[in-house]
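Student: the sequence and its predicted three-dimensional model are supplied below.
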Amino acid sequence: MSWTSVRAKIKTKLDGLVTAGTLGSVLNGEQNPQKVEISAYPAAEIVRMNTDPEYLTNREDIQNYTFAINLYKPLTDDDYATVEIAMDSVVDAVLTAFLNDASLTGTVDARLMPIPNNASAITWNGILHRRDIILLRCRVIKAMA
């Protein structure tokens, strides 16, 4: 298991939500918010965060691969509440997609943990957006050499 294989499974899962109509687009990798235009909303951005090993036994360690899934939807001065409520169903759908396939089809060993995080307002290419963040912690058991 590697960053590449986990990212590919996450991308496939999110692409399925585009096909289902829940998401409008998926951005693979961190984007420059001042240059990249989002083609369709709501949009998801997959960002590699960190890796964090843990001791498991005297023969195995757990390697945690953490990704952020940033979810974006544009805001105007008078629709903050409307966008927040609309994003509830998007966050629920993304969480459910990963909870229903907790091993990413066998890519991770231990149950992955999607963790909803704080929402914020950010400017993307000059347009104010709501950003909801889901941290996705993927655990792999690695034999020690």
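Tutor: Cool, got the structure. Residues are numbered from 1 along each chain as shown.
Student: bridging across strands, which residues link to Arg131?
Tutor: Tyr72, Ser120 (DSSP bridges).
Student: surely it meets Ala121?
Tutor: Yes. Judged on Cβ atoms under 8 Å, Arg131 makes contact with Ala121 at a distance of 7.3 Å. In this view, the C-beta of every residue, glycine as well, is placed from N, C-alpha and C.
Student: so between these two, which is more surrounded?
Tutor: Under the neighbour definition other Cβ atoms under 10 Å, Arg131 and Ala121 were set side by side, and Arg131 has more, 20 against 11.
Student: do a quick rundown of the strands in this structure.
Tutor: 25-28, 43-55, 60-74, 110-124, 127-143 (DSSP state E).
Student: direction included, what does the shortest one pair against?
Tutor: The one in question is strand 25-28. Paired with strand 25-28 in the same sheet, following DSSP bridges, are strand 43-55 (parallel).
Student: just checking, what packs against the helix or strand bottoming out on mean pLDDT in the chain?
Tutor: Scoring the helices and strands of the chain by mean pLDDT, DSSP states H and E places strand 110-124 at the bottom, with a mean of 80. Secondary structure elements in contact with strand 110-124, counted by 3 or more Cβ pairs under 8 Å, 6 or more residues apart in numbering; DSSP states H and E, are strand 60-74, helix 80-99, strand 127-143.
Student: how about a cut-off of 10 Å?
Tutor: Contacts defined by 3 or more Cβ pairs under 10 Å, 6 or more residues apart in numbering; DSSP states H and E place strand 110-124 against helix 3-19, strand 60-74, helix 80-99, strand 127-143.
Student: what sits closest to the most centrally placed residue in the chain if chain neighbours are left out?
Tutor: Using Cα atoms, centre = their mean, the residue of the chain that lies closest to the mean C-alpha position is Ile69, 2.1 Å off. What sits nearest to Ile69 in space, not counting adjacent residues and going by Cβ to Cβ, 6 or more residues apart in numbering, is Ile134, at 4.4 Å.
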